[in-house]
Each structure stands twice: as structure tokens, then as C-alpha cells.
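**Q** When you get a sec, could you give me coordinates for this:
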Amino acid sequence: MPTNDELSRSVELFWRVSRGLSSIWKKKFEQQLSNTQAYILIHLDSKGPQKITNLAEVLDITPGAISSISDKLIAAGLIVRCRDEVDRRVVYLDITPKGKKMLKEIKEEARIVVNKCFNGLPEEDIHHLIRIYETILINIDKYRRE
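**A** Residues are numbered from 1 along each chain as shown. Model (predicted):
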């Protein structure tokens, strides 16, 4: 088990990395999409149409915040609202072809940025990072359910 000093140092470094990547994102992409808007597009692209409540849960923000963000994405033509075929009261959000195109462009640019930021890390270390983040996310989910 790591010492408290080691855990504190790892948390400090995590926050610095997170803030650094966030800062780069804002400078590079904020004129196009915020982090949250981009994540909504990514999620809709990979998972298909989603209810606002589902997106809110995944992003850990309120359904009202998702509604506000989605209004902006709808106005930009990047997503649409669509009704359930069986229960017309149920509304889903879905990505549009324009949204997919923008997401593809942003993912390509983000890939370049990530490659620069992770430059010099051996593949084995990347695998360790993935394993570590997955474990931490599992622990976070357990903590939230307690």
C-alpha cells in the first residue's frame, strides 16, 4: 500500500496533468466545443441515441445542465432531439452527420495533441495508466454507491 505522501504526490500530479490537458483543450478546441460538449458528441457517437437523464448520469452533471448544453449543440446542428417510436413522451439526443464530421476532425487534432503530451512514454506505461485509471474509476463507483 502506498504511503500517504505517495498518494498525496500522485493526486497532486494527477491534478496538474488534468489541468494542463484541460488548458491545452481550451486553447485548441474551445472555440469549437467545450469539454462537456465534446464528450456528449463522443458518447452519442459511440453509444447511439441517449436520454438526457442517461447522459447526465454518465457525465455526473444535472439533467438541466445537459438540456442547456444540448440546446447549444442542437442550435449548431451537431445533435438532434428524436422521440421514441413506441412512447412519444420519451426524448433522445442523437448525433447528426455534421456532428460526426466535427467530432472526426477534433479527434484527429486531439490525437496529435495527446501524442505530443504522452511523448516518450513506453507502450507498457500507457497500459499501466489505462489499468490504473480503470481501477480508480471502479473504486469511485463503489465509493458513490456506499
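**Q** which residues in the protein form helices?
**A** 4-29, 35-47, 52-59, 63-75, 97-117, 123-145 (DSSP state H).
**Q** So which of these is nearest V86?
**A** helix 52-59 (17.1 Å; C-beta to C-beta). Quick note: C-beta positions are derived from backbone N, CA and C, even for glycine.
**Q** Show me what counts as buried in that closest one.
**A** By neighbour count on 16 or more other C-beta atoms under 10 Å, the buried set for helix 52-59 is I52, N54, L55, A56, L59.
**Q** same check, this time on stretch 57-75
**A** For stretch 57-75, using 16+ other C-beta under 10 Å, the buried residues are L59, I66, I69, S70, L73.
**Q** pLDDT for the buried residues of helix 52-59 - can I get that in a markdown table?
**A** Converted to a markdown table, these look like this (pLDDT from 0 to 100):
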| residue | pLDDT |
| --- | --- |
| I52 | 92 |
| N54 | 93 |
| L55 | 94 |
| A56 | 93 |
| L59 | 90 |
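**Q** Closest one to K116 out of those residues, please.
**A** Out of the buried residues of helix 52-59, the member with the shortest distance to K116 (by C-beta to C-beta) is L59, at 26.4 Å.
**Q** For that closest one, which residues are in contact?
**A** T36, Y39, I40, H43, I66 (C-beta atoms under 8 Å, 6 or more residues apart in numbering).
**Q** at 10 Å what do you get?
**A** N35, T36, Y39, I40, H43, A65, I66, I69 (C-beta atoms under 10 Å, 6 or more residues apart in numbering).
**Q** for this protein, what helix or strand is lowest in average pLDDT?
**A** Counting by mean pLDDT, DSSP states H and E, the weakest-scoring helix or strand in the chain turns out to be helix 4-29, with a mean of 88.
**Q** Determine the set of other helices and strands touching that one.
**A** helix 35-47, helix 97-117, helix 123-145 (3 or more C-beta pairs under 10 Å, 6 or more residues apart in numbering; DSSP states H and E).
**Q** So which of those helices is nearest I24?
**A** Using C-beta to C-beta, the helices and strands packed on helix 4-29 put helix 97-117 closest to I24, at 5.9 Å.
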